[in-house]
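K.L.:
Give the three-dimensional model of this entry:
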Amino acid sequence: MDPPTPESLALSTADPLTSHFTSLNDLAQELASLQDLATRGSWRSILDKVTRARAQSLLTKPHDHLVYFTYNVLALTKLRRFTDAAGEIDSLEDLNSLRYKYEGYPDVYPGRVGSMVPFSLRWMYALIPMKLGRRQDGLDRLYVLLDFVRRKVKEKREIGSVDVWRRREMFVMNGIIGVHLNQKELAACLSLIKELLNRDYTDPVLVSKLGYIQMQMGDLEGAKSSFNAVQGMVEKEEGSEMRNLVSRNKALVYMVGKDYVSAVREYEECIERDGSDVVAINNKALCLMYLRDLSDSIKVLESALERVPTVALNETLVVNLCSMYELAYVNHGDVKRTLSSWIARVAPDDFDTASTRI
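P.N.:
Next comes the predicted model:
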């Protein structure tokens, strides 16, 4: 399951604090600096900044402490220090207690009500147990979070500010689907996807996910039907994102049928439209490898790392590239060490160097 996305970390304009302020620094002590460090993957610097702010008593309001606490837990999680992150999380009271609500501090926040807890902290509260091998605890917490979000959706619908909570509901449901998918609990995935689609069958990304699950269940005809529906939804779209989604769906069907030449053609069209489509880049290289064209498959991945390193530098792509090196070169150890040295210079703090398999 993936970690929180930048969208989930962003403070919404519908949240109590943001409705009265115009910049990140108005929300909390040097928040813009924290967000910049997070965007660049400088997680160790975030830990240092939080430590300094606490030591120098720079955090003067209750919500300042919660915001810095959240970034601290996020940084620990990104650095795979899950035990430390869990220790931090366990130091909290019930996240819904009065201690973490604006109305608990009427002198500091006169007239303001609601929770001060960032949504990303609630997410990590559910995520961290799974990182420590306590899958059921984490899954239970995810379902509790989903119930919390749905209550918010109901509340916000009545006052017309529901969009951010709808996105959060989708985010949590996708997280739950990911957990079930990792364990091949396909029936649970299918049930959750259909629940979402009952509300909005016009979302091409959701319908594509339905197709992926159908494919894993062996229902190739059902998957093709879902992918055809996606193509019909986006046929008038001019942007590359949705057109690439259609091409990637077609390529998956070709890959299942072992028609790697046709799959390569679809992925090449994706890359021509968007040179940073890392899924298409990675899968094109895999198809070339299956076609026993190791030289070109390696070139595809190396070229991507050179052209768009901030996008292409992820553990999956690097693992695949190193596997190709092992197949192609007798001296693959030297080649992988060269790659590892380059990664050490350009990668964010949370990049898992074990992916080079040295």
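K.L.:
did I read that right, Gly275 in a helix?
P.N.:
No. Counting by DSSP: H, G, I helix; E, B strand; the rest coil, Gly275 is not found in a helix; it is coil.
K.L.:
Quick check: it vs Asn244, distance?
P.N.:
Gly275 is 11 Å from Asn244, where distance means C-beta to C-beta, to the nearest Å. C-beta here means a position set from N, CA and C on the backbone, and glycine is covered the same way.
K.L.:
Repeat that for Ala187.
P.N.:
From Ala187 over to Asn244 the distance is 30 Å, taken as C-beta to C-beta.
K.L.:
Of these two, which one has the most company?
P.N.:
When Ala187 and Asn244 are compared for neighbours, Asn244 comes out ahead with 22 against 11, by other C-beta atoms under 10 Å.
K.L.:
ok, now which ones touch the more buried one?
P.N.:
By C-beta atoms under 8 Å, 6 or more residues apart in numbering, Asn244 lies in contact with 270, 273-274, 277, 280.
K.L.:
at 10 Å what do you get?
P.N.:
Applying C-beta atoms under 10 Å, 6 or more residues apart in numbering, one finds that Asn244 lies in contact with 234, 266-267, 269-274, 277, 279-280.
K.L.:
What lies in contact with stretch 137-146?
P.N.:
1, 95, 119, 122-123, 125-132, 134, 168-169, 171-173, 175-176, 178-180, 183, 188, 192.
K.L.:
Of those residues, keep whichever come out buried.
P.N.:
1, 95, 119, 122-123, 125-131, 168-169, 171-173, 175-176, 179-180, 192 (16 or more other C-beta atoms under 10 Å).
K.L.:
among the residues you listed, which are in helices?
P.N.:
Residues of the buried ones among the contacts of stretch 137-146 located in helices (DSSP state H): 119, 122-123, 125-131, 168-169, 171-173, 175-176, 179-180, 192.
K.L.:
Need the pLDDT of Gln321.
P.N.:
That one is not Gln; residue 321 is Leu. We have a pLDDT of 97 for Leu321.
K.L.:
I meant to write Leu245 there.
P.N.:
Per-residue pLDDT puts Leu245 at 97.
K.L.:
Residue numbering should commence at 57 henceforth.
P.N.:
Done: numbering now begins at 57, and the last item shifts to Leu301.
K.L.:
Tell me what angle the helix of greatest length in the chain forms with helix 175-187.
P.N.:
Criterion DSSP H: the longest helix present in the chain is helix 191-213. Orientation of helix 191-213 against helix 175-187 (axes from the mean of the first three to the mean of the last three C-alpha atoms, to 10 degrees) gives an angle of 160 degrees.
K.L.:
State the mean pLDDT of helix 191-213.
P.N.:
The pLDDT scores in helix 191-213 average 93.
K.L.:
now do stretch 168-175
P.N.:
Averaging pLDDT along stretch 168-175 yields 93.
K.L.:
Can you get me the start-to-end distance on it?
P.N.:
By C-alpha to C-alpha, to the nearest Å, the extent of stretch 168-175 from end to end equals 18 Å.
K.L.:
got the buried residues for it?
P.N.:
168, 171-175.
K.L.:
Distance from it to the middle of the chain?
P.N.:
23 Å (C-alpha atoms, centre = their mean, to the nearest Å).
K.L.:
Could you do stretch 196-214 as well?
P.N.:
20 Å.
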